[in-house]
Structures are given as C-alpha cells and as structure tokens.
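Student: Next input, structure requested:
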Amino acid sequence: MKALIFAEPKSLMVVDQPMPSITANEVMIRSRRVGICHSDYELLAGQYIIPISYPVTPGHEWVGEVVEVGANVTGLAKGDRVVGECVIKTPERIHHFGFSMNGANREFFVARPEWLHKLPDGVDDAKAALIEPFTCGYYAVMRNGGTNAAETVVISGGGTIGLVSAAAAIGMGARVIVVDPVPLRREIALRLGADGVIDPAAGDAVEAVAEMTKGGADLVVEAAGHAASLANVFDYARPEGRVSMVGINIGQKFPVELGKIQIKDLTVRGCIGSPGVWPAAIRFLERTGIDLSPIQTHSFALKDAAAAYELGKKADQAVKVTLEIS
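Tutor: Sure thing, here's the model as predicted:
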C-alpha cells in the first residue's frame with residue numbers, strides 16, 4: 001500500500017509499505033480523505049508539542065471505511081463509514097493519532113473501535129473530513145456557555161478553526177462576525193453564513209466590532225493565536241461577556257491589559273482539542289445541515305502530497321487542503 005511519511009524533520013515522501021493486519025479487538029480502515037492541519041506542518045518541522053519519533057505517518061483529520069472487523073468487535077461492520085478521535089488512551093501512554101503514533105495518510109490502517117464514531121448517511125465524506133476540526137470549534141463555543149439567536153459572536157481569526165467555530169455558532173442561531181485580514185477567509189466566512197466580516201488591516205478592528213455589535217460581543221472566540229488578535233479580544237467582548245481562547249500561542253510573550261478581564265467582568269476559558277463532544281458534534285452537523293464545504297478549498301491525490309503541503313502554506317490561496325487517499 002501507499003503511505004505518506006515524514007522520514008525525519010523536513011523530509012516528506014510517499015512510499016510503499018506492507019499491508020497491516022488486525023487482531024480480534026481491532027478493525028481495518030480504508031482511508032478515504034485526510035485534511036492537512038497546521039499541526040502537521042509543526043510535525044514536519046520537528047517542532048510538535050510532545051516528543052515524536054521519526055519516521056511517522058501524519059493525518060488526524062480523516063474519514064474512512066471499515067473493511068475488516070476483528071472477531072471480538074461489536075457495533076461496527078464492514079462498509080461502515082467512520083471518523084476517529086485524535087487523543088488515544090492506551091495501557092502504555094496517551095497517544096496523539098498522526099503524531100506519536102502513525103496516522104491516516106495511508107491507504108489502510110488499524111484502529112481500535114473505541115476511537116471511532118460511525119457516520120450518519122447525511123454527512124458525506126467531504127464534510128466528514130472536517131469533523132475533527134469542527135469538533136474543536138464546536139467545543140470552543142460550547143465550553144463557554146454555547147450561544148443562541150439572541151447573541152452576537154465575534155470570531156477573531158478566520159483560519160480553519162476560526163471558520164468552523166463560526167459555523168458552529170451560526171448553526172446555533174447566533175449573529176456571527178469574523179475578523180481576519182485575508183480576503184479569501186472573509187469570503188468563505190460569508191459563504192458559511194456569517195452576518196459580517198472585518199478586515200483588521202483596513203482600520204481599527206475594535207471600533208469596527210463596537211459599531212457592528214452596538215457595545216461588544218456576547219461571546220468572542222480567539223482562533224488566531226497571533227499577538228494582534230490576542231491583544232484585542234477583551235475589547236471585542238461586551239461587559240460580562242465571554243471569551244474562548246482556542247488559538248494556540250505557546251512560548252511567546254507580548255503586552256496585554258489583563259485588567260480588562262476584571263473591569264469588564266469577563267468569563268475567559270481556555271480550550272484545546274474536543275474532549276467528550278464528538279457524538280454531539282456529529283449529530284449537530286447532521287441535524288443542522290451546515291455546509292462546511294467552502295472551508296475545503298483544495299484536494300490532491302496522495303501521490304501529490306508534496307504539492308498539497310506547499311499550497312497549504314499559502315494563507316492567501318488556500319484554507320483547508322485535503323488528500324484523497326482512495
């Protein structure tokens with residue numbers, strides 16, 4: 001079978017590998033689509049947040065099909081379409097699928113049934129390949145009280161996580177405004193159903209948010225992790241508003257007026273990953289019918305993975321780049 005591997009930091013290649021085999025407690029998955037995440041670039045650069053051994057196969061945003069079921073496995077059958085969680089608890093340690101253990105960027109792989117979630121017919125492969133990032137955006141909104149049609153939500157940062165956070169809030173009925181300097185991202189936000197977008201490079205974003213919200217957002221989702229975004233999020237929120245911090249910024253320092261948390265009586269929550277929300281997020285996607293397809297801007301065959309990774313670096317040209325495995 002074919003597999004994408006990072007042989008070592010900064011070394012990406014597609015290679016031939018032997019077919020895996022399963023035990024009685026495992027299932028064999030045929031990989032169908034796998035999204036490229038910003039974290040995959042960190043892995044390729046040798047800078048991931050936990051220790052990693054190379055070579056490794058990336059791929060944690062995936063959809064696949066069950067092709068073989070172990071004798072002791074119940075609840076899954078050949079032909080089931082599935083997605084899988086990223087944080088895997090084993091007797092030895094907690095693994096990150098696609099990082100500390102090989103991921104889905106290969107034609108076939110072995111999984112344990114407890115990692116997996118069956119897909120309803122109403123969620124097609126294109127949408128399913130975005131479920132992993134969607135769960136993160138859904139969690140960022142739900143982690144801080146959720147939202148509804150009475151509220152305004154500001155999303156600071158329009159990359160994949162910002163856009164899926166926007167989609168979650170839109171699906172809950174909120175009025176949504178996305179702040180991002182990249183025209184492509186603002187365009188996609190509007191296609192998803194956002195009520196407004198703001199270009200922070202065009203003027204004072206805080207003033208623009210205040211004018212559009214008439215006093216500040218009920219909920220702000222910081223999804224950029226950039227200094228300029230992080231410096232503004234407390235100003236985007238109304239008094240007694242909520243701020244969810246999902247954009248990752250580790251090891252960097254910059255000045256920010258933390259007293260605004262007290263002065264405005266804000267509720268600030270940190271969010272990482274999507275623990276405990278996968279079944280609910282999948283039901284949410286099915287029942288709301290939210291169309292996530294605008295986020296997936298490009299698709300490549302597995303053999304063209306190097307070109308896919310190159311394009312994915314270009315924020316002005318692509319948002320979510322997906323590899324079609326089989």
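
Student: Check whether F109 sits in a helix, strand or coil.
Tutor: Judged by DSSP: H, G, I helix; E, B strand; the rest coil, the three-state class of F109 is strand.

Student: Now stretch 148-156: average pLDDT?
Tutor: Stretch 148-156 shows a mean pLDDT of 98.

Student: And that stretch, end to end?
Tutor: 19 Å (Cα to Cα, to the nearest Å).

Student: contacting residues around it?
Tutor: Under the contact criterion Cβ atoms under 8 Å, 6 or more residues apart in numbering, stretch 148-156 has outside partners 141, 147, 162-163, 165-166, 169, 172-179, 189, 194, 209, 213, 217-224, 229, 232-233, 236-237, 247. For every residue, glycine as well, the C-beta is placed using N, CA and C.

Student: What about the residues you listed, which are in strands?
Tutor: Within the contacts of stretch 148-156, residues falling in strands by DSSP state E are 175-179, 217-222, 237.

Student: from those, which single one is nearest A281?
Tutor: V221 (15.3 Å; Cβ to Cβ).

Student: nearest to E132, of the ones in strands among the contacts of stretch 148-156?
Tutor: Closest to E132 out of those is V221 (17.3 Å), distances taken as Cβ to Cβ.

Student: now D180: how far from E114?
Tutor: 37 Å (Cβ to Cβ, to the nearest Å).

Student: Would you write a PyMOL line that selects the buried entries of the contacts of stretch 148-156?
Tutor: Buried members of the contacts of stretch 148-156, defined by 16 or more other Cβ atoms under 10 Å, are picked up in PyMOL with:
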select buried, resi 141+147+162+163+165+166+169+172+174+175+176+177+178+179+189+194+209+213+217+218+219+220+221+222+223+224+229+232+233+236+237+247
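
Student: how far does stretch 243-252 sit from the chain's center?
Tutor: In this view, stretch 243-252 has its centroid 14 Å away from the chain centroid, taken as Cα atoms, centre = their mean, to the nearest Å.

Student: With stretch 168-182 instead?
Tutor: 15 Å.

Student: Need the distance between the two termini of it.
Tutor: OK, stretch 168-182 end separation, Cα to Cα: 21 Å.
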